[in-house]
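Student: Next comes the sequence, and after it the predicted model I'd like to discuss.
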Protein chains: 2
Amino acid sequence: MFPNIPKGTRDFSSIEMSKRNYLIQTIRKQFELFGFYSIETPSFEKISTLVGKYGEEGDLLIFKLLHSGNFLKNRILDFLTEIKNDKKIVNISKCLTEYMSDKALRYDLTVPFVRYVVMHRNEIIFPFKRYQIQPVWRADKPQKGRFREFYQCDADIMSFSWSLWEEIELIQLCDEIFTKLNFPIIIYINHRDILGGLVEMAGIENSLWKDFTTSLDKWNKIGRNLVKKEMLNKGISSKSFDQMAFFFDMEENFYNKKKHLTIALQNSEKGKKGIQDLSFIYKNITNISLQKTKLEWNLSLARGMNYYTGTILEIVPFNNKSSISIGGGGRYDQLANLFGMNNISGVGISLGLDRIYLAMEQENFFQTISSYPSKVLFINFGNEEVLYAYKIIKFLRKKGISTQLYPNADKIGKQFRYANANNIPFAISIGKNEIKKNKIRMKNIQKRTEKEYDNINDVVNQLTKKL
Amino acid sequence: MFPNIPKGTRDFSSIEMSKRNYLIQTIRKQFELFGFYSIETPSFEKISTLVGKYGEEGDLLIFKLLHSGNFLKNRILDFLTEIKNDKKIVNISKCLTEYMSDKALRYDLTVPFVRYVVMHRNEIIFPFKRYQIQPVWRADKPQKGRFREFYQCDADIMSFSWSLWEEIELIQLCDEIFTKLNFPIIIYINHRDILGGLVEMAGIENSLWKDFTTSLDKWNKIGRNLVKKEMLNKGISSKSFDQMAFFFDMEENFYNKKKHLTIALQNSEKGKKGIQDLSFIYKNITNISLQKTKLEWNLSLARGMNYYTGTILEIVPFNNKSSISIGGGGRYDQLANLFGMNNISGVGISLGLDRIYLAMEQENFFQTISSYPSKVLFINFGNEEVLYAYKIIKFLRKKGISTQLYPNADKIGKQFRYANANNIPFAISIGKNEIKKNKIRMKNIQKRTEKEYDNINDVVNQLTKKL
């Protein structure tokens, strides 16, 4: 009987919401200052839009919707008939799933965005810069910091005539956001073409590329040894692994990494292209400079999503290098091809609102946010008094002062306790006496001081004064 | 191959988003001025939380989620084994659905809110005033103005010591919101106890109460004759119908309706209570006065949701009485009981964001909203020039001016066309010449005028001037 919510989901109280809204507003403001425009896509997409974009492990975590009502009933009946006639019994699992659903909750904001671009290609002016702040859903095993519903804040650019300035702008954008949040970060950067170059250098077959990136992506999470074990299991030789691992292990500054790699990848066109791209980004970022952000080349960064093809980025809190990622992104040249649109390149960042929230809670960065919006409570002395006071309530609200009316003429002490518990700083009492004397009596709840006012404007001044 | 989105869902372009955000911000602002606090609940709830709260027709429209990954696979295998062993074959449809899902997308915001209150009863300070602006999902047949995903904006109060001032506050709140939107509305008001009184008066059995309200709810949509037909089919006598219909048809002002009903319901305690409540609300609202809102007693108003027990409200645009409802609400005394919490009463309003949007589009109320946030485009002359200009870009953004950098050194004409098509009013050109002369060249795109500036502060002044 006592109600509960599904595993991996959360309720947000007004205190939590005020912090979440503060994060969202800070992020949104910077997205807009950088010229990204807001769009929204539906919570669910056709399954065909989503499947095959996130890798095999991702596909399994997509939340599917059941067909509803009569459609479902009829399909089940059809299905039963087929079972009775002993047809299709082999393929039953696939068949069942298809019967049950053709829709699924979005898994990220990137694939729906690319779907949007392809669908609306004729109305869109390119380069197209959009942002989206919406929830996504993953049927992952819930654990600390990992939820089944969580918010992503994405800014992406899709264009036919792109340049690496887009990457530079995105790094600047992250720096502005986290500087505003007073939250120092590291942005790890790498390039898929450099990983491609290393794979070439180590003589690994093309067919192992996806396995390689999927395993490498876990380098920081499960560590060198387990990644090696996984790669060897998948058919990468120990020698190949060691050749590449020299670079994944390397702890040098940007220019030394570049020096070593330039030699190692001198025969790989791909590798050279990757090094050139990163150098351009690094040089210009160094010139323009960053505030709260450190940009660091992390050669073991791979990113889990299949769709990345160029620069890749990952954001972690500065104070806690080993900690979970709070955002990431990269360039994807081929994603629109899957929907039949060629020669258009996308690049973007995705910030994990819930991860940022948790990290900021941990560091006590939220201290200064006031969590309760109401400024004044009107004590309820009865219907006549409330009716008399209502014009003052209206006036205060018109002046932008959040004002509450206690709904019933409960005991005065209870009403004051309500104000106190809700952090409402002032209470106004207009009883029979005040009406007779034409006065407004206001109490400062924290200071326990009380004053009578003749003029509503003096009340407004008192309430809009900085505390 | 060409992608598509599911029936009944929509993409929102940046132009649409700016209008939607304007509505949301206007509504949110008033919610907060009236002292409602923001909370959020998960998109999906346990099926047991939702089912049985919306009536039979509602239950069928709840979107269920499939179990995912291995869980689903194992359940299907179990299920197949049972089929092969010829067990449970009778109950297969129910069984299948239960195996497939224990979660569903929320259908409204009221039931999740009440679930929230019961779950968090020990942390909450009552009376509890919360607002929620989130999407809901219904597997309804899509048609004009009816979507499978749409936003509701809800403000509710739950309290142990409630009063009718809560209803009065909610009506005032709607009036403030629609006055701010410059959108005249009618709020239809009625009371479930008055309908209860009429049912008593007409000698209709208690068991027909749900059927009666479900049919009466369609009075404005399908008309008197079809409602009569439905009621007769459900076992209400023609005589009973006519006795009640006298009141549903009545076109009189509040006081005449009250006069007639007071006589008709003199033997119904329920009916008298309902009349007394509405009179209190009407009297005080008249005293306090409304701005853009007309409050009208509509005796045929029933509201579809099962959970209403007292006052009920429905909001329609003033200019289009027959039009679809853009919001509604009412009092629900029993809903928390279903989750095991007694003696607590709730009351709230729910505004349909998408319905308000469509009505405002139809009336051309959105004219004055600027839809593109960017103020200035930086023309890209090449890497050196961009690097030089980047400090100006950063400076403008710091000053709160949304600034875009064109990503590549495309032909100048193409870059200006981009600014024009995106309604970006200014373009700044810093080429080799400007760098040499240490000047900033800015073009007003609409006026086709150009000026050179020595000082970045003059540029800021120009850009922040009201156009």
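Tutor: Okay, I see it. Note that the coordinates shown come from a computational prediction; the quantities given were computed from them, not determined experimentally.

Student: in stretch A:41-51, what counts as buried?
Tutor: A:Thr41, A:Pro42, A:Ser43, A:Phe44, A:Glu45, A:Lys46, A:Ile47, A:Thr49, A:Leu50, A:Val51 (16 or more other Cβ atoms under 10 Å in any protein chain shown). Just so you know, the C-beta spots here come from the backbone N, C-alpha and C atoms, and that holds for glycine as well.

Student: List just the nearest of the residues you listed to B:Lys258.
Tutor: The nearest member of the buried residues of stretch A:41-51 to B:Lys258, counting by Cβ to Cβ, is A:Ser43 at 45.7 Å.

Student: And A:Asp156, which helix or strand is it part of?
Tutor: Counting by DSSP states H and E, the element that carries A:Asp156 is strand A:149-159.

Student: Who are the packing partners of that strand?
Tutor: Where contact means 3 or more Cβ pairs under 8 Å, 6 or more residues apart in numbering or on different chains; DSSP states H and E, strand A:149-159 is packed against helix A:14-33, helix A:110-119, strand A:128-137, helix A:165-180, strand A:345-352, helix A:353-362.

Student: JSON lines for the ones you listed, including mean neighbour count?
Tutor: Formatted as JSON lines, the helices and strands packed on strand A:149-159 follow (neighbours: other Cβ atoms under 10 Å in any protein chain shown):
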{"stretch": "helix A:14-33", "mean neighbour count": "19"}
{"stretch": "helix A:110-119", "mean neighbour count": "24"}
{"stretch": "strand A:128-137", "mean neighbour count": "22"}
{"stretch": "helix A:165-180", "mean neighbour count": "23"}
{"stretch": "strand A:345-352", "mean neighbour count": "24"}
{"stretch": "helix A:353-362", "mean neighbour count": "19"}
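
Student: Out of these, which is closest to B:Lys432?
Tutor: For these, proximity to B:Lys432 was assessed by Cβ to Cβ; helix A:165-180 is nearest, at 17.9 Å.

Student: returning to that earlier point: now, which of the buried residues of stretch A:41-51 lie within helices?
Tutor: When DSSP state H is applied, those are split such that A:Ile47, A:Thr49, A:Leu50 fall in helices.

Student: Which ones, among the buried residues of stretch A:41-51, also lie beside chain B?
Tutor: Restricting these to those near chain B by Cβ under 8 Å from any Cβ of the partner chain leaves A:Thr41, A:Pro42, A:Ser43, A:Phe44, A:Glu45, A:Lys46, A:Thr49.

Student: Which member of the residues you listed is positioned nearest chain B?
Tutor: When these are compared for distance to chain B (Cβ to the nearest Cβ), A:Pro42 comes out closest, at 3.5 Å.

Student: right, and the closest one touches B:Asn4 too?
Tutor: No: with contacts counted by Cβ atoms under 8 Å, A:Pro42 stays clear of B:Asn4, the gap being 11.2 Å.

Student: From the ones next to chain B among the buried residues of stretch A:41-51, pick the one nearest B:Ile393.
Tutor: For those, with B:Ile393 as the reference and Cβ to Cβ as the criterion, the closest is A:Thr41, at 29.2 Å.

Student: Setting aside sequence neighbours, what's the nearest residue to the closest one?
Tutor: For A:Thr41, the nearest residue in space outside its immediate sequence neighbours is A:Pro112; the separation is 4.2 Å by Cβ to Cβ, 6 or more residues apart in numbering or on different chains.

Student: check contacts around the one you found.
Tutor: A:Thr41, A:Pro42, A:Glu45, A:Thr49, A:Arg106 (Cβ atoms under 8 Å, 6 or more residues apart in numbering or on different chains).
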